[in-house]
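**Student:** The sequence and its predicted three-dimensional model are supplied below.
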Amino acid sequence: MLFVFAFPVFAEGWDDFGSVERMWDGQKSITNKEFEQVMEALESNQKQKEEKQKKKKIKKISGGGTSLHNELNPEKEINEIPDLRNKAEDGILINVPVNLILGEKILEKGFYKVFARKDDNKKLYVSFYQSQFFKGETEVIETKDDFGEDEIDFAKLIPYNKSFMRMIFGSLDFNAYAFIPYISE
């Protein structure tokens, strides 16, 4: 008896499967162009959301108003602040185009890494290294002049006259210079 009452319910469910073949009859086909337009609209919405989030972040940083200085206005792109660690600790590579006289040593032409140090008596020295080998050292004079250089950490040898090269050195800690005699060839 139970089987007889359950069967008609089952039969009604099977009748609905006949319409499976006609399921796609009312669907409209979409062209590639229409699909691309929809995708572009979705992507533009995503870009607008990202733009709003960026403006919110800028507003949190700058307070939302305009500044008296044009370069600080929120519409401007915020540039990344360069790494200000002291590069002079890693040494600065310089080209020595002549044979320098450092005390009683002669420093031959070539490339050297220079390091600055301050001793216990507050005197400043610049040491010359090739690879890991110490080649010589000279005392330098501290100055406030940045020698018109664009970078914070720099070291250069500049011809001064027929007997001396002027070495300029700059780091985050101090700027210095020295006049170093050289041997002309």
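**Tutor:** That came through, no problem.
**Student:** drop to CA atoms for contacts and neighbour counts, all remaining ones
**Tutor:** Noted.
**Student:** can you tell me the average pLDDT over the longest strand seen in the chain?
**Tutor:** If you go by DSSP state E, the chain has its longest strand at strand 133-143. Averaging pLDDT along strand 133-143 yields 91.
**Student:** now stretch 161-172
**Tutor:** Throughout stretch 161-172, pLDDT has a mean value of 90.
**Student:** hmm, back to that, helix or strand right after the longest strand of the chain?
**Tutor:** Heading C-terminal from strand 133-143, the first helix or strand you meet, by DSSP states H and E, is strand 154-159.
**Student:** now the protein, which segments are flagged as low pLDDT?
**Tutor:** When residues are selected by pLDDT under 70, those of the chain lie in 1-26, 61-89, 185.
**Student:** Could you identify the longest helix within it?
**Tutor:** Counting by DSSP state H, the longest helix found in the chain is helix 32-62.
**Student:** and the next helix or strand after it with strand 154-159, angle?
**Tutor:** Proceeding N to C from helix 32-62, the next assigned helix or strand is strand 92-96, under DSSP H and E. Counting by axes from the mean of the first three to the mean of the last three CA atoms, to 10 degrees, strand 92-96 lies at 10 degrees to strand 154-159.
**Student:** Show residues contacting the helix or strand following strand 92-96.
**Tutor:** Next helix or strand after strand 92-96 toward the C-terminus (DSSP H and E): strand 99-102. Defining contact as CA atoms under 8 Å, 6 or more residues apart in numbering, one finds that strand 99-102 is touched by 106-109, 136-138, 180-184.
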